[in-house]
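> Give me coordinates for this.
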Amino acid sequence: LRWAADTPFVRNVLDGPKAPLQIVTTDRRFHFLNLHRYGRAGQLLCHIWGDSEWEEHARLTDEEVVAEVVGGLRAIFPGDAAPGEGPLVAPPPQWKVTRWSQDPLALGAYSEAQTPNASERDRWVLSRREGRAL
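A predicted model of the protein is given here:
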């Protein structure tokens, strides 16, 4: 999701020395990473967790997914930007929805060493190509 750097949401939430790197929510569907803090002006990354049991998102259009995400942000940051200016979290003018579970090359998968005892050899094994290269 991307908003202009001068919008109230970016100025009041994503920007500033105490702005969070991750935005915490009780909504189990979403995990937010503040890319603005990493130099990507006005950008917020939202992961939809596969284990959140929110299966309906697969049937939603991209626009409907974005509306659900904005609704989740508005639950975290309720209220208006200023009197008469509308909600603090306005719909972003730019966004991209990806669907790993429908990507034939990813199929929703990513590798992660889940154990603290993981070694560099484990990472090497996880990075190996299996089968024929495309």
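> Packing partners of the lengthiest helix in the chain?
Criterion DSSP state H: the longest helix present in the chain is helix 62-76. Helices and strands touching helix 62-76, by 3 or more Cβ pairs under 8 Å, 6 or more residues apart in numbering; DSSP states H and E, are strand 30-34, strand 44-48. C-beta coordinates here come from the backbone N, C-alpha and C atoms, glycine included.
> for the next helix or strand after it, what is the average pLDDT?
Counting by DSSP states H and E, the element after helix 62-76 in chain order, helix or strand, is helix 120-127. For helix 120-127, mean pLDDT rounds to 80.
> got it, and stretch 2-12?
96.
> quick one on the thing from earlier: redo the helices and strands packed on helix 62-76 as JSON lines? Include mean neighbour count, distance to P78 and mean pLDDT.
Output for these, formatted as JSON lines (neighbours: other Cβ atoms under 10 Å; distance: least, Cβ to Cβ, whole Å; pLDDT from 0 to 100):
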{"stretch": "strand 30-34", "mean neighbour count": "19", "distance to P78": "16", "mean pLDDT": "94"}
{"stretch": "strand 44-48", "mean neighbour count": "18", "distance to P78": "17", "mean pLDDT": "92"}
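> quick one: contacts of the longest helix of the chain?
Counting by Cβ atoms under 8 Å, 6 or more residues apart in numbering, helix 62-76 makes contact with 1, 23, 25, 27, 29-30, 32, 44, 46, 48, 57, 60, 87-89, 91-92, 95, 97, all of which sit outside it.
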